[in-house]
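Student: predicted structure and sequence below. I'll ask about it afterward.
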Amino acid sequence: MEKLMIEGGYPLQGKVEISGAKNSAVALIPAAILADSTVTIDHLPNISDVKILSELLKEIGGDVSLEGNKLIVNPANMIPMPLPNGNVKKLRASYYLMGAMLGRFKKAAIGLPGGCNLGPRPIDQHIKGFEALGASITNERGAIYLRAGELTGARIYLDVVSVGATINIMLAAVKAKGRTVIENAAKEPEIIDVATLLTSMGAKIKGAGTDVIRIDGVESLHGCYHSIIPDRIEAGTYMIFAAAMGKEVTIDNVISQHVESLIAKLREMGVDVETFEDSVIVRTNGDHLKAVDVKTLVYPGFPTDLQQPFTALLTKGNGTSIVTDTIYNARFKHIDELRRMGAEVKIEGSSAIISGPVNLEGAKVKASDLRAGAALVAAGLMSNGVTEIYGLDHIDRGYEQLVDKLTILGAKVWREEMTLEEQEAHVKSM
Ligand SMILES: CC(=O)N[C@H]1[C@@H](OP(=O)(O)OP(=O)(O)OC[C@H]2O[C@@H](n3ccc(=O)[nH]c3=O)[C@H](O)[C@@H]2O)O[C@H](CO)[C@@H](O)[C@@H]1O
Ligand SMILES: C=C(OP(=O)(O)O)C(=O)O
């Protein structure tokens, strides 16, 4: 077991290359189940969620090879093996196996998903969609059993705008009989990416990226090559690191339109952000940042996944900032840890109220989830002295080569083996 060590105070400068999008990758990989020949997905991020999903495809009989950032899946011999336990519990996106296996085999048995603990994360809208397509669903001892004689297209109105439900219904519907219409669909770029892969496989999908998606079911889907979109959340995280500690940092391989809400907020704080076709340059003189208010919203609003690292940056803002998370109103587990480092933050309902600027001090802190980890890294970079971050497994779910990327930018960051006492204390605190 390792911990992440950061000696704070070093300015960041240079260029960082963004990896493929985690939240696309975790849907694209299950989507390959729906094909009848080889699917190649390129430029995947080298993160633990991708490795676990690749293993899951092997568990159901897929011929799968993950070579560097390229995944080659021949799904021809896959079987509808039940997956009630084990790897499915290690990540949130294992729920996409429900839609993909239901779409291909008309049945699936998948354990309830794990992933970041952000408070309640129901999947009722996924279930509602599957039922509308004709599946019967039962929850048996923590696993969801889905069965359908036949899947038939339907009109499905999502009561909540949900990324996961939108993608899962698309996966189940592409081979259903007739037309499916998803209304009040989520519009995140990852949904367009999944629709692009499915379309290359022969699916008929219109409207991905808008709030009405129309799918005309087809008999079969074939293999194809797909190159994943860049990770807008990883890009946003490095933009926040750069705003906190950067002189001039170029973030390469980013679609700037995908991070527009963050760019607007950074500019409001007084950070200079310049956008190019596939890169963004962030310049700051480090200090004199303004306090700003932020509310997380569905895309194209400010993403909840950047709320946590952005909160850490706001400890540098002059005055009072209010951060409200309307997507996950309890996504504030990072705040106690930021307080240990000297942050002045109060929680009121679904808002964090941050007073700044403060000089953070290095401390021993714990990442309770992936983006809480990113918040603590931002705080560690800004702090005086050394910060030790436990719970590195969360950070490894979503950030490829974090240490290497930050080191290239001039940060003092390294991984260190935890002592036995530290391991025991960490396990007890979980
Ligand atoms: C693997 C992946 O892509 N994860 C992302 C995805 O998660 P995920 O797809 O799980 O999040 P959703 O978009 O589904 O959730 C949005 C909101 O809808 C609620 N909801 C969702 C489904 C449902 O059936 N019922 C319901 O009430 C959730 O509790 C939440 O309040 O989108 C989130 C919101 O942008 C991001 O934080 C996650 O990084
Ligand atoms: C919440 C996240 O991931 P997941 O949905 O996979 O837990 C995230 O990427 O910030």
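Tutor: That came through, no problem. Ligands and ions are numbered 1, 2, ... in the order given.

Student: how about the residues of the stretch 201-350 of the chain that lie near ligand 1?
Tutor: By CB under 6 Å from any ligand atom, the part of the stretch 201-350 of the chain that sits against ligand 1 consists of 304-305, 327-328. C-beta coordinates here come from the backbone N, C-alpha and C atoms, glycine included.

Student: tell me which residue in the stretch 101-250 of the chain sits closest to ligand 2.
Tutor: Residue of the stretch 101-250 of the chain nearest ligand 2, by CB to the nearest ligand atom: residue 115 (3.0 Å).

Student: for the nearest residue to that residue once chain neighbours are set aside, give its distance to ligand 2.
Tutor: Spatial nearest neighbour of residue 115, excluding adjacent residues (CB to CB, 6 or more residues apart in numbering): residue 92 at 2.4 Å. Look at residue 92 and ligand 2: by CB to the nearest ligand atom, to the nearest Å, they are 4 Å apart.

Student: need the pLDDT of residue 53.
Tutor: For residue 53, the pLDDT comes out at 97.

Student: now do the same contact list for the nearest residue to it once chain neighbours are set aside.
Tutor: Closest residue to residue 53 apart from its sequence neighbours, by CB to CB, 6+ apart: residue 29 at 4.4 Å. Counting by CB atoms under 8 Å, 6 or more residues apart in numbering, residue 29 touches 41, 44, 50, 53-54, 57, 71, 73, 96.

Student: ditto for residue 38
Tutor: Neighbour list for residue 38: 72-74, 223 [criterion: CB under 8 Å, 6+ apart].

Student: tell me the SS of residue 61?
Tutor: coil (DSSP: H, G, I helix; E, B strand; the rest coil).

Student: and stretch 271-285, what's its mean pLDDT?
Tutor: 95.

Student: can I get it in PDB, CA atoms only?
Tutor: Provided in PDB are the C-alpha atoms of stretch 271-285 (Å, rounded to 0.1, in the frame of the first residue of the first chain):
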ATOM      1  CA  VAL A 271      -6.700  33.700 -13.900                       C
ATOM      2  CA  ASP A 272      -5.600  34.200 -17.500                       C
ATOM      3  CA  VAL A 273      -6.900  31.300 -19.600                       C
ATOM      4  CA  GLU A 274      -6.100  31.200 -23.400                       C
ATOM      5  CA  THR A 275      -7.800  28.500 -25.500                       C
ATOM      6  CA  PHE A 276      -6.600  26.800 -28.700                       C
ATOM      7  CA  GLU A 277      -7.900  24.100 -30.900                       C
ATOM      8  CA  ASP A 278      -6.800  21.200 -28.700                       C
ATOM      9  CA  SER A 279      -5.000  22.900 -25.800                       C
ATOM     10  CA  VAL A 280      -5.500  25.500 -23.100                       C
ATOM     11  CA  ILE A 281      -2.800  27.800 -21.500                       C
ATOM     12  CA  VAL A 282      -3.300  28.800 -17.900                       C
ATOM     13  CA  ARG A 283      -1.300  31.700 -16.500                       C
ATOM     14  CA  THR A 284      -1.400  33.200 -13.000                       C
ATOM     15  CA  ASN A 285       0.900  35.200 -10.800                       C
END
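
Student: what's next to that stretch, contact-wise?
Tutor: Here stretch 271-285 makes contact (CB under 8 Å, 6+ apart) with 230, 235, 239, 242-244, 246-256, 259, 263, 266-267, 270, 289.

Student: sorry, back to before: in a markdown table, list the contacts of residue 29 along with neighbour count, secondary structure and distance to residue 79.
Tutor: Shown next, in a markdown table, are the contacts of residue 29 (neighbours: other CB atoms under 10 Å; DSSP: H, G, I helix; E, B strand; the rest coil; distance: CB to CB, whole Å):
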| residue | neighbour count | secondary structure | distance to residue 79 |
| --- | --- | --- | --- |
| 41 | 26 | strand | 21 |
| 44 | 29 | coil | 24 |
| 50 | 26 | helix | 22 |
| 53 | 29 | helix | 17 |
| 54 | 21 | helix | 17 |
| 57 | 23 | helix | 12 |
| 71 | 25 | strand | 20 |
| 73 | 27 | strand | 15 |
| 96 | 27 | helix | 18 |
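
Student: okay if I get the residues you listed as CSV plus distance to residue 392?
Tutor: Converted to CSV, the contacts of residue 29 look like this (distance: CB to CB, whole Å):
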residue, distance to residue 392
41, 26
44, 21
50, 17
53, 20
54, 21
57, 26
71, 24
73, 29
96, 25
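
Student: residue contacts, residue 311?
Tutor: Per CB under 8 Å, 6+ apart, neighbours of residue 311: 323, 334-335, 338, 345, 352, 354, 375.

Student: just give me the closest of the residues you listed to residue 407.
Tutor: Among the contacts of residue 311, residue 375 lies closest to residue 407 (CB to CB), at 19.9 Å.

Student: surely the closest one is in a helix?
Tutor: Yes: assessed with three-state DSSP, residue 375 lies in a helix.

Student: you'd agree it is up against residue 312?
Tutor: Yes: between residue 375 and residue 312 there is a contact under CB atoms under 8 Å: 4.3 Å.

Student: quick check: neighbours shared by these two?
Tutor: What both residue 375 and residue 312 touch, as defined by CB under 8 Å, 6+ apart, is the set 334, 338.

Student: do you know how far residue 378 is from residue 324?
Tutor: 19 Å (CB to CB, to the nearest Å).

Student: more crowded one of the two?
Tutor: Between residue 378 and residue 324, counted using other CB atoms under 10 Å, the more crowded position is residue 378 (28 against 18).
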